[in-house]
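[1] build me a model from this:
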Amino acid sequence: MPELQEDLQALADRRAAESTGDFESVLVAAKTRKRRRTAGLTVIGAAAVVAAVAIIPTLRPASNNAPVAGSPVPTNAVAPPVVGTQPSTSALPKVAGPLALRTSTVASGAQFVVAFPDKAVRAATFALFSAAKPDEQLYTLVAKVPGDPMTPYSFKLAGEMGIGLPSYTGAGPYTLAVPKGLPAGAYQVCTLTGARLCSPLTVK
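    I've put the predicted structure just below:
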């Protein structure tokens, strides 16, 4: 009988030991699951914080990007147009004296004669201006040149249109022609070479 009691006691002790081991395994597994769940919540919390930090700058009010005077214009801004003025053409030389005209009143298309009081040698080219705008040349007048049946003639503006000008020079007098179709009014005829001589001319 004592041996049977010892066997029963050993069996009971072994069962108790096995039960204790299973309980400890369950406890360890429960602690492991708790740590994993806590770590997962920590990661989720950190991700939420990062997202909030990334969103906050976009919620800030936009700063005033208006360019300050004297500072470079931002690349995303449109520069205001700059209003400039074109430089004026070179000023005409001052009038040194009058031209000598045999007649100061002529008809459109008619011829008239001019002379140089200073007897200087000049080219056979002259300029015609409106008396109202003496700085704006209307026509270039080419005087009659000996041996050239095409002269005298005239063309608009200065000799910048590929039109050949005679190289003839002389001390005058020169015969000029009023442009055909020129409206009646007050004009001024001037030399283009040498000291500038000008005189009024009336077209009737």
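[2] where does the prediction get shaky in this structure?
    Counting by pLDDT under 70, the low-confidence segments of the chain come to 1-90, 157-164.
[3] got the domain boundaries for it?
    As given by automatic domain parsing, the domain ranges for the chain are 2-57, 100-203.
[4] what residues of the lengthiest strand in the chain count as buried?
    Ranked by residue count and defined by DSSP state E, the top strand of the chain is strand 133-142. Residues of strand 133-142 classed as buried under the neighbour-count rule (16 or more other CB atoms under 10 Å) are Q137, L138, Y139, T140, L141, V142. Quick note: C-beta positions are derived from backbone N, CA and C, even for glycine.
[5] in the chain, which spans are strands?
    For the chain, applying DSSP E gives strands covering 100-101, 105-106, 111-115, 122-123, 125-130, 133-142, 153-156, 169-170, 174-177, 185-191, 198-203.
[6] mind listing what's buried in the third one?
    Pointing back at strand 111-115 there. Neighbour-count burial for strand 111-115 flags F112, V114 (criterion: 16+ other CB under 10 Å).
[7] by contact count, what packs against that strand?
    Applying 3 or more CB pairs under 8 Å, 6 or more residues apart in numbering; DSSP states H and E, one finds that strand 111-115 makes contact with strand 100-101, strand 174-177.
[8] any idea how far apart the tips of stretch 119-132 sit?
    Counting by CA to CA, to the nearest Å, you get 29 Å between the two ends of stretch 119-132.
[9] what of stretch 189-204?
    15 Å.
[10] could you number the chain from 53 rather than 1 from now on?
    With the count now opening at 53, the last piece we talked about shows up as stretch 241-256.
[11] give the buried residues for that stretch.
    Neighbour counts over stretch 241-256 (16+ other CB under 10 Å) mark V241, C242, T243, L244, R248, L249, C250, S251, L253, V255 as buried.
[12] and the fourth one, what is it in contact with?
    Read it as L244. R174, A175, T177, F178, A179, T192 (CB atoms under 8 Å, 6 or more residues apart in numbering).
[13] of these - the most surrounded one?
    Note: the member of the contacts of L244 with the most neighbours is F178, at 24 neighbours, neighbours being other CB atoms under 10 Å.
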